[in-house]
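# with the input below, show me the fold.
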Amino acid sequence: MFMKTIAAAALAVLAATGAQAQAPEKPDLVLGVGGKPLLYYLPLTIAERKGYFKEEGLNVTINDFGGGAKSLQALIGGSVDVVAGAYEHTIRMQAKNQDIRAVIELGRFPGIVLGVKKDKAGEIKTIADLKGKKIGVTAPGSSTNFFVNYLIAKAGGNPKDAAYIGVGGGMSAVAAMEKGEIDAISNLDPVISKLETDGEITILADSRTEQGTREIFGGSNPAAVVYIKGDFIEKNPATVQHVVNAFYKALKWLATASPDDIAATVPQEYWLGNKDLYMRAVKASKDTYSVTGIIPPEGMKSANDMLKQFDPELASANIDLAKTFTDKFVKAAATQ
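Numbers count the residues shown, from 1 in each chain. Okay, the predicted model is just below:
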């Protein structure tokens, strides 16, 4: 059995390596993402701006939606081919009998932060105090929503007892907090760093570091991935390989890039009007990016356990986590 397992793994890598040498079957792709300027999706912007998609023979059109839930809907509906989004969606879709698979990990920590409006900090001192409050998320049903749902359920509360308001992932999110339209916010950098710098929020939970992630989840917890429908992967293995190659190059570039290098590469509008603030946000989020591109088994389990805390459908579902991520394309990309 052991030898058969080794042989099967070797064949999978060889197949992916063969796909790497082939031209993409579908060079023109539409990629969906929910909040491209967020540092959560920085590897996508790097792959685009550094020309890695072009190097791989791909012409990628990027559709930026209001949140991850909307890019998932676009994939299911067929208006996009590929999504840069939260790993949790692959688990939730398997529970709905939808074959959606991650092909490379972009973020190993969520990087999501829960903050409370400064003038509400006296009455919202703990997660339990969020009952009845208005919480800003990038979009309802997105990873920022899952994050706060988990925290509330973990604290013994009911996530349905709070109101979730989609505020996006840029200046609209900052404005919602500044205007007092929301009591708390679950969002990412650079939004969080700007709100911190402006003295608008008090932090309740922070998953931008390994220590913070382990305190919240008890272990690692995968964040952004690239996910694709299973039938697309089967029909277009060379295309998928070239997509993964481009993102793998972006991860390798990010591993050694300085905050100044990154700020100089992204569009200036990503800075939210302040380059120094953006570079501080990059520094705060630098550890969140994947080193290998491969989701470890404990990370998959952690994500599944998180969802089970607040999603009754997942609590009773029989999820085969091995079917939520395939590592053969990343392993082939690493041999370049």
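# show me the contacts for the nearest residue to residue 112 once chain neighbours are set aside.
Leaving aside its chain neighbours, residue 112 sits nearest to residue 147 (4.5 Å; criterion: Cβ to Cβ, 6 or more residues apart in numbering). (Glycine included, C-beta is placed from N, CA and C.) Shown in contact with residue 147 (Cβ atoms under 8 Å, 6 or more residues apart in numbering): 110, 112, 114, 186, 205, 207.
# which residues in the stretch 51-200 of the chain form strands?
59-65, 82-86, 100-105, 113-117, 134-137, 163-166, 184-187 (DSSP state E, counting those that start in this stretch).
# stretch 142-156: which residues count as buried?
142-154 (16 or more other Cβ atoms under 10 Å).
# correction: stretch 166-174
Quick answer for stretch 166-174 (16+ other Cβ under 10 Å): 166, 167, 168, 169, 170, 173, 174.
# could the strands of the stretch 51-200 of the chain go into JSON lines alongside distance to residue 299?
Listed next are those as JSON lines, based on distance: least, Cβ to Cβ, whole Å:
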{"stretch": "strand 59-65", "distance to residue 299": "25"}
{"stretch": "strand 82-86", "distance to residue 299": "13"}
{"stretch": "strand 100-105", "distance to residue 299": "8"}
{"stretch": "strand 113-117", "distance to residue 299": "19"}
{"stretch": "strand 134-137", "distance to residue 299": "22"}
{"stretch": "strand 163-166", "distance to residue 299": "25"}
{"stretch": "strand 184-187", "distance to residue 299": "20"}
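# out of those strands, which gets nearest to residue 30?
strand 59-65 (4.9 Å; Cβ to Cβ).
# neighbouring strands for that closest one, and are they parallel or not?
strand 28-34 (parallel) (DSSP bridges).
# which of the buried residues of stretch 166-174 sit farthest apart?
Across those (Cβ to Cβ), the longest gap, 14.3 Å, separates 166 and 174.
# for the stretch 51-200 of the chain, what are the low-confidence residue spans?
By pLDDT under 70, the stretch 51-200 of the chain has no low-scoring segment.
# now residue 115, which residues is it bridged with?
residue 185, residue 203.
# so what's it up against?
184, 185, 187, 192, 195, 196, 200, 201, 202, 203, 204.
# what does residue 103 give?
225, 226, 227, 228, 233, 240, 243, 244, 325, 326, 329, 330.
# likewise residue 246?
47, 52, 53, 55, 56, 58.
# would you mind listing which of the residues you listed are buried?
Here, 16+ other Cβ under 10 Å leaves 47, 52, 53, 56, 58 buried among the contacts of residue 246.
# now the buried residues of stretch 166-174 as CSV including distance to residue 128?
Listed next are the buried residues of stretch 166-174 as CSV, based on distance: Cβ to Cβ, whole Å:
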residue, distance to residue 128
166, 24
167, 23
168, 27
169, 27
170, 30
173, 24
174, 26
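# and these, which is closest to residue 35?
Closest to residue 35, out of all of those and judged by Cβ to Cβ, is residue 169, at 3.2 Å.
# for that closest one, give its distance to residue 265.
19 Å (Cβ to Cβ, to the nearest Å).
# what of residue 58?
19 Å.
# ok, residues contacting stretch 279-292?
Residues outside stretch 279-292 that contact it (Cβ under 8 Å, 6+ apart) are 39-40, 42-43, 104-111, 188-190, 192-194, 197, 208-210, 223, 251, 254-255, 259-260, 262-263, 330, 334.
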